[in-house]
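Asks: Next comes the sequence, and after it the predicted model I'd like to discuss.
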Amino acid sequence: MLIRVEIPIDAPGIDALLRRAFKGDAEAELIQRLREDGQITLGLVATDDEGQVIGYVAFSPVSVEGEDLQWVGLAPLAVDDARRGQGIGRNLVYEGLDALNEFGYAAVVTLGDPQLYGRFGFEPASRYGLRCRWPDTAAYFLIHKLADDALNGVGGLVEYSDHFNHF
């Protein structure tokens, strides 16, 4: 298995993986729209020995109360069903967090399973007075700070790209 930054030739494999993993079109279409608008800050693929995409994670810009604070949102994270339980998702997330830290990003938010993402160092964003626009998601809206001062004096509404609002 190889984890690397996505390249244009990966797009069809990413698309197919997202449609299989999420049993629908929404996530695949979201990534297509983000990609077309240049809003994927970092996209990583995991490929098998034949170069087929077996895992994917994307990070895209988010704002806090309308300000760009060098934060990104993690979404989606997908691993081929036949490859689950092999640490592919974990490796994708850790590689992404490491790269974003090196690039100088301050924090990563996600909307997901607190138990899963807690293993990667994510914690409830509500602890810091942060929320997202979707109702009843406070328990699932999580943050991982990359910079020590990322949360100093910050609070309020974290907004993803408008593309996330068209699910």
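Replies: Thanks, I have the structure now. Residues are numbered from 1 along each chain as shown.

Asks: State the number of residues packed around the residue nearest to P124 when sequence neighbours are not counted.
Replies: Of all residues not flanking P124 in the chain, L142 sits nearest, at 6.2 Å (CB to CB, 6 or more residues apart in numbering). No exception for glycine: its C-beta is placed from N, CA and C like everyone else's. Using other CB atoms under 10 Å, L142 has 25 other residues around it.

Asks: what do you get for E50?
Replies: Neighbour tally, E50, other CB under 10 Å: 6.

Asks: and the gap between it and G13?
Replies: 11 Å (CB to CB, to the nearest Å).

Asks: ok so, going back, the residue nearest to P124: what's it in contact with?
Replies: 109-112, 114, 117-118, 122-125 (CB atoms under 8 Å, 6 or more residues apart in numbering).

Asks: Can you say which of these are buried?
Replies: 109-112, 117, 122, 125 (16 or more other CB atoms under 10 Å).

Asks: Okay, and which of the residues you listed map to helices?
Replies: Y117 (DSSP state H).

Asks: which one among the buried ones among the contacts of L142 gets closest to D98?
Replies: In terms of CB to CB, no member of the buried ones among the contacts of L142 lies closer to D98 than F122, at 14.9 Å.

Asks: Let me see the backbone angles for that closest one.
Replies: Main-chain torsions, F122, degrees, to the nearest 10: phi -80, psi 150.

Asks: Now whichever helix in the chain runs longest: buried residues?
Replies: Ranked by residue count and defined by DSSP H, the top helix of the chain is helix 88-103. Applying a neighbour-count criterion of 16+ other CB under 10 Å, the buried positions in helix 88-103 are 88-89, 91-93, 95-97, 100.

Asks: residue with max distance from the center of this structure?
Replies: E50 (25.2 Å; CA atoms, centre = their mean).

Asks: mind checking the SS state of that residue?
Replies: Secondary structure, DSSP: H, G, I helix; E, B strand; the rest coil: E50 is coil.

Asks: Dihedrals phi and psi, it?
Replies: phi -90, psi 0.

Asks: next one: the one 4 residues further on
Replies: The main-chain torsion angles of I54 are listed as degrees, to the nearest 10 and equal phi -120, psi 0.

Asks: can you count the residues close to it?
Replies: Here the number of neighbours of I54 (other CB under 10 Å) works out to 22.
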